[in-house]
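Asks: Fold the following, please.
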Amino acid sequence: MLMDIEPFSLVDYPGHIAATVFFAGCNFRCGFCHNPSLVLAKEEPQTSVAELIALLHDRKGLIEGVCLTGGEPLLSPDMPPLLPQIKEMGYKIKLDTNGTNLAQLIKIAPYLDYIAIDIKAEPEKYELLTNCPGSWAQVEKTIAWVKKCGLDYEFRTTVLPAWHNEDSLARIRQLLGNGVPWILQQFRQPPHGVLDGKNYESYSDAWLKELGRKLDCPVRGLN
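Replies: Sure, this is the predicted structure:
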C-alpha cells in the first residue's frame, strides 16, 4: 500500500536530489526497526497514487530521482504500476529492499537505476533477527543476482551492539566480497520508538568509523 511521500531528500538516493515514496507492509519483524507504522500498516495513507503522480509532474526539474522504500516496497501491489509512469517523466528510480523477493525484483528491474539491500546480520542470526523463516536463503540468492545485474547497487547494515560485533561484521564483509559496495549505518534510537518498544544502545561513532576503515566501507549517520 502506498502510504506517504517526502517531496525532497538529499540523503535517500546517493548523488541525487530525490522524492522518497513510502510503502506499507513488511515480511520482516526486526525489533529495532525505525518504521513500525509502515511495517504493521496500521495507519491511514497520507497520499494517493494520483497525488503522487501530480507531485512528481510538478517537481520536474527540481528533483532528479525517486526512492521507493518502506516497509518492503516489493510486497506492495501499488508499486509496479507506478514504475512506467515515473520513468516516463524522466526520473531515475532507486529501490530499497530487504532482498527476499527476487522474482518480483527481476520483473521490475528494467525500470530501476539503483538497488539498495539491507543486510541485517550474518547468516546464522538472520531468522532470529528478522523473525522470518528462510529469510537468509532468499537474501543470499538476491545478493548474487544483484552483483551481476549491471545496475548500480549498494548493500548496507545498520549496526548496533545487540546484534553485531567486529567479528560478525567481518563475516558479512567476507560473504559480500572485498570491494563490493557495503555501507555501515549508525543506529540512533528514534524518539517515537522502535518496533519492539525496547531501548537499544549504539556503538560510539569513533568505534564505527574505525571499523569502517578496517572493513573498507563507508559509514553513514555519524554526528
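
Asks: When you work out contacts or count neighbours from here on, use the C-alpha atoms and nothing else.
Replies: Fine.

Asks: just for this protein, where's the confidence low?
Replies: Across the chain, nothing is flagged by pLDDT under 70.

Asks: would you list every one of the strands in the protein?
Replies: Secondary structure of the chain by DSSP state E: the strands cover 2-9, 18-23, 65-69, 92-97, 114-118, 152-159, 182-186, 219-220.

Asks: Centre of the chain to stretch 58-78, how far?
Replies: 12 Å (Cα atoms, centre = their mean, to the nearest Å).

Asks: By neighbour count, which bits of that stretch are buried? Give me those.
Replies: For stretch 58-78, the neighbour count (16 or more other Cα atoms under 10 Å) marks 63-76, 78 as buried.

Asks: quick one: the nearest residue to Leu38 once chain neighbours are set aside from Cys217, how far?
Replies: Taking Cα to Cα, 6 or more residues apart in numbering, and ignoring the residues beside it in sequence, Leu38 has Ala24 as its nearest neighbour in space, at 4.4 Å. Separation of Ala24 from Cys217 (Cα to Cα, to the nearest Å): 30 Å.

Asks: So between those two, which is more surrounded?
Replies: In terms of neighbours (other Cα atoms under 10 Å), Ala24 is the more surrounded of Ala24 and Cys217; the figures are 26 against 19.

Asks: May I have the phi/psi pair for the more buried one?
Replies: Comment: the main-chain dihedrals of Ala24 come out as phi -90, psi 160, following degrees, to the nearest 10.

Asks: residue contacts, it?
Replies: Contact partners of Ala24, counting by Cα atoms under 8 Å, 6 or more residues apart in numbering, are 1-3, 37-41, 70-73, 76.

Asks: Tell me which two of these sit farthest apart.
Replies: Considering Cα to Cα, no two members of those lie farther apart than Ser37 and Ser76, which are separated by 15.1 Å.

Asks: Could you pull out the helices in this protein for me?
Replies: For the chain, helices defined by DSSP state H occupy the ranges 36-40, 49-58, 79-88, 102-108, 126-130, 135-148, 166-176, 205-215.

Asks: Ranking those by mean neighbour count, which comes first?
Replies: A comparison of the helices of the chain by mean neighbour count, using mean count of other Cα atoms under 10 Å, puts helix 36-40 on top with a mean of 20.

Asks: tell me the centre residue of the chain?
Replies: Centrality entry for the chain: nearest residue to the mean C-alpha point is Asp96, 3.6 Å, by Cα atoms, centre = their mean.

Asks: My read is that that residue contacts Ile115, right?
Replies: Yes. Under the criterion of Cα atoms under 8 Å, Asp96 is in contact with Ile115, at a separation of 6.2 Å.
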